[in-house]
Each structure stands twice: as structure tokens, then as C-alpha cells.
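Enquirer: here is my input, please return the structure:
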Amino acid sequence: MKRLFARWPTTHLVRPRRSPSDVQRRSRSLPPFHLWFALLVWASSSGVLAQASSHVSRGSAVERAMRDNPQVAASRAAVAQAEARRGQASAARFPAVSVVLGTGPSLKAELVPGTAVESTEDTYGDVGLSDMSIAIGGQLEIVQPLYTFGKIGHRAQAAQHEIRARNAQAEMTRADVGVSVAGLYEGLLFARDAERFFDETSHWLARTIEDTRNEIEAGTGATEQDLLRLQAARGAIQIALNQAATSRRQAEAGLVAYLGLPARTSLSPEEEWLELLPTPPADAGPMIRMALDHRPELRALSEGSAAYHALAQAEAAGNLPDLFAMAFLFGGYTPGRDVVDTRYVRDPLNGFYPGVLVGARWQWTAGMADRRADENEAKARELAHTRRWARAGLPAEVQKAFEDVQRAKRDADESERTVKNAKRWLVQASADYSVGLGESDAVTDAAQAYVQLRIAHFDAKFRHNVALADLARATGTLSSPRNPFYPNH
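Expert: Numbering: from 1, shown residues only. As a prediction, this is how the structure comes out:
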């Protein structure tokens, strides 16, 4: 619980008419000046960020960020990568085609008439330019996997599990972005309300200071000390006003970045004031069950574990052979070179030779496949254990968010009631003091309570609404169109 402040120079909130006999008595209460600075620090530590142009509502801001934010786009790109890996595994089921083409020098050769193997020329003896020619040749191979003992099938399963895990992670990213935008939006409303409050108080003080100057000049009771106290208080008010304005601009700038709007866009929230959103029923049980059913983290961990288990099976299959069928064709053509028409001698530079075979291929790596399988199996166990811990911790996370909402609601209701009481107290103390029936301490205490409770009321509403967004994320429903906690469209 943040301490608002210890004391605050609040005698400026009323403008009593003083008589000379009251001056010495009333100068006894000089509240310390540092209280406004404490208010400034408290406001900046409350998560109030602020800055920047189009009409938005909290629902439309969250929806747009969860749809268009670059972090969400990056998570969708990760899904696309997993889909590409599934396509690679599926493609391994189809034939692999290999084609090699080339050209180079060759010798002309003529067969001895009446034979099929002897050339009329020596192999390399007395070779001249007239004996040279150009050979054109190539090779075509088509290999069709027949059975791989799970190397392809398990990798395809792993890719499918990875796609589901990446989709769940994308939903997690959407929820995180939504909570961040909710905090910025509620902070913008908080800062704007605080800015109005401080601006109104600053203008009131300016008029009070002017009245005090007039009384000093007329010699009707006000003193130079009263004027200095009022001026110091207005300076503190101005510092708080500057902080609120800065916070508003910072929150607007943050929203502009999350929403992907042009820099220096000016935002106009549709909500006029920071108001409490509807509070959920005071029973966390259904919300815990909702989280166990919908949290994307559980799906991501479950699918990730299944993906690594499938990869382990695929790696373990590396110790077994691949059965395949292969068709091939290789040959070449050289102008000026006769074709050797025999089954016993083949000329790779002049002739065409097809073939078909069925075979098996092994690759042994001294236990490497087993070690890779063990590694992936260990990763699967790691994610499985993490999922069990996440499932055990979810109820506590939901309970915390739920209690934050309930506490903020109680704080908001209590501060709303006590703000009215503090305001009446201040009016009565001011009236008594202005006619000389009360002490300045009474006015100071009443003014301090009024300002503290007013700011605390703003903060309670801010915490309540942000806690609702966090509760929606904790239950796994923030990105759902039927989210019952925080508007997202």
C-alpha cells in the first residue's frame, strides 16, 4: 500500500478573512511543504503513464493492439515457421528428383566394321585437334521413400504439435499486449482526471493569492507570511499538475506505439472520466475452472512436450534403415563418336542407360541418434513438469487477480463515501476559521484528508480496471470475443 503523504500545506484551500488579533494564533500551524512532492512521487509510482490522436475507447484500443501490434505479428510469423516445417516433413514423403547436366571435351571414335567394341583409333596415341569433339551428358535419379520406420511420420507429428503450441503462444502474446494497453488506457484516464483536479485547484489558489495581496495592501488582517504560504502551496500544486500532464502525454505516446498509429498522433478517449467497470461476482471458483480450461500456457506446454516426444521418436528411428525405390537414367552424346551397341561395355560419353532398383540405406553414427533422442525426450519432460507446475499455480494467480479487483472495488467505494465527508468537513472547518471560531489546524487536517482521499479514489478506480484486465488474462479469456471481464472490442 503506497503512503500518500505525511502532511500537506493545505491552509490555502480556504480564504478566511483574518483580523490582526488572529495573525499570531494562526501562524502556529505551518504544515511542511514536502507533502506535495510526496504526492508527486506517489502519482508517478502508481503506473500512471501518459501521451498522444483519433477517437478510441478502451475496448477498441485493446482489440486493435491485439490484432495489429508487431509483437502479435511476430508470434503469427512463428506459427508460419512451424507450418513450413510441417510442409517440409510432408514433402519428404514424395519422390526426390536429382538432375545433373554437363558438357566437356571428348574424343571422336568409330567402331571397326563388323565389331561392337574396337575403335579404329588408339585411346590417346596421336590425338590431334581433329579428333576432339564436345560431349553433352547428364544423369537423372528419382528416389521414392517406401518405409522409414517413423523418421518422416514422427517429424510430421512434431510439426503439427508445434503449430498448436505456437498458436497458443500467439494467444499468450495477444493477452500480454492487451493487459499492457489496458494499463496505458486506464493510466491515461487517471492522469487526465488528476490533471483536471490539480488545474482547478491551481486556478482557485491563484484567485485566493490575489485576494490575499489585496488584503495585505488594505491592511485588513492578512500577512506576508500568509501570502508566502499560499504561493508555496500553489507552487507545489503546479509541480503535481506538471507531473499529471507529463504522465498523460507519456501514456498517450505508449498507446500510439501499441496501436501502430503515426507518431505524435493525438488521442481522444471516448470515456469522459475514469469510471469503475462492472465487478465480477464474489466467487473465484468458476474463474479458476475457467483458467484451467482456457489458459493458452497450458496448451502451449502440453503441445510443446508432445512435439519434443515425437522428435525423440524420429531421432531414435535413425538407427533403422530407410527402404526406397529408385529409377535412374544417365547418358551422353558426342558428335563423331559411334554408339557401342553391347550389354557388356558402356560408353558414358555416348549412350543412354536406364535402371530401376529397390534398396535399403543405413547410417550409423556411434550412438549419435540415441543421444539426440535422449535430448529431445528430456526437453519433453521439462515442459511436462513445467505444465504441472503451471497448472498447480494457476488457482493462486487467478485468486490474486480476483482479490486485487475486490480490494480495489472496496477502496473505491470507501473513498467515494469519505471524499464527500471530507469535503463537508473542509467546508465547515473553513467557515469556522473564517469567522475566528476555529483553529488553522482544523482546516489543514480537513484539506489534507480531502486531497488524499480524492487522489486515492482515482487510484482505486485505476487499480480496479487494470486488475480486471489482469483477471481476464489470468482466466485465459482476454483475447476471447466473449470475455466477461474487460472490454476487448
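
Enquirer: quick one, helices of this structure?
Expert: Remark: helices assigned in the chain by DSSP state H are 20-26, 34-45, 58-68, 70-91, 151-218, 224-259, 285-294, 296-316, 368-434, 440-474.

Enquirer: hang on, residue 193 packs against residue 272?
Expert: No. Look at residue 193 against residue 272 with Cβ atoms under 8 Å: they stay out of range, at 9.7 Å. Quick note: C-beta positions are derived from backbone N, CA and C, even for glycine.

Enquirer: near residue 326, how many other residues are there?
Expert: Using other Cβ atoms under 10 Å, residue 326 has 16 other residues around it.

Enquirer: how about it, what does it touch?
Expert: 141-144, 356-359 (Cβ atoms under 8 Å, 6 or more residues apart in numbering).

Enquirer: so what pLDDT did it get?
Expert: Looking at residue 326, its pLDDT stands at 94.

Enquirer: which ones among the contacts of residue 326 lie within strands?
Expert: Applying DSSP state E to those, the entries found in strands are 141-144, 356-359.

Enquirer: as a markdown table, these with distance to residue 401 would be great.
Expert: Output for those, formatted as a markdown table (distance: Cβ to Cβ, whole Å):
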| residue | distance to residue 401 |
| --- | --- |
| 141 | 61 |
| 142 | 60 |
| 143 | 57 |
| 144 | 56 |
| 356 | 67 |
| 357 | 66 |
| 358 | 63 |
| 359 | 62 |
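
Enquirer: any regions of the stretch 151-300 of the chain where pLDDT drops low?
Expert: Filtered on pLDDT under 70, the stretch 151-300 of the chain yields the residue ranges 220-223, 226.

Enquirer: that older thread, neighbour count winner among residue 193 and residue 272?
Expert: More crowded of residue 193 and residue 272, by other Cβ under 10 Å: residue 193, with 22 against 9.

Enquirer: among the helices of the chain, which is nearest residue 344?
Expert: Of all the helices of the chain, the one in closest proximity to residue 344, counting by Cβ to Cβ, is helix 151-218 (39.4 Å).

Enquirer: what packs against that closest one?
Expert: helix 58-68, helix 70-91, helix 224-259, strand 268-269, helix 296-316, helix 440-474 (3 or more Cβ pairs under 8 Å, 6 or more residues apart in numbering; DSSP states H and E).

Enquirer: what does the shortest one contact?
Expert: Looking back up the chat, that one is strand 268-269. For strand 268-269, contacts defined as Cβ under 8 Å, 6+ apart pick out 53-58, 185, 188-189, 192.

Enquirer: one more: the second one?
Expert: Taking contacts as Cβ under 8 Å, 6+ apart, the residues outside helix 70-91 that touch it are 65-66, 152, 155-156, 158-160, 162-163, 165-167, 169-170, 172-174, 176-177, 260.

Enquirer: excluding its backbone neighbours, what's nearest residue 299?
Expert: Nearest residue to residue 299 in three dimensions, chain neighbours excluded: residue 168, at 4.1 Å (Cβ to Cβ, 6 or more residues apart in numbering).
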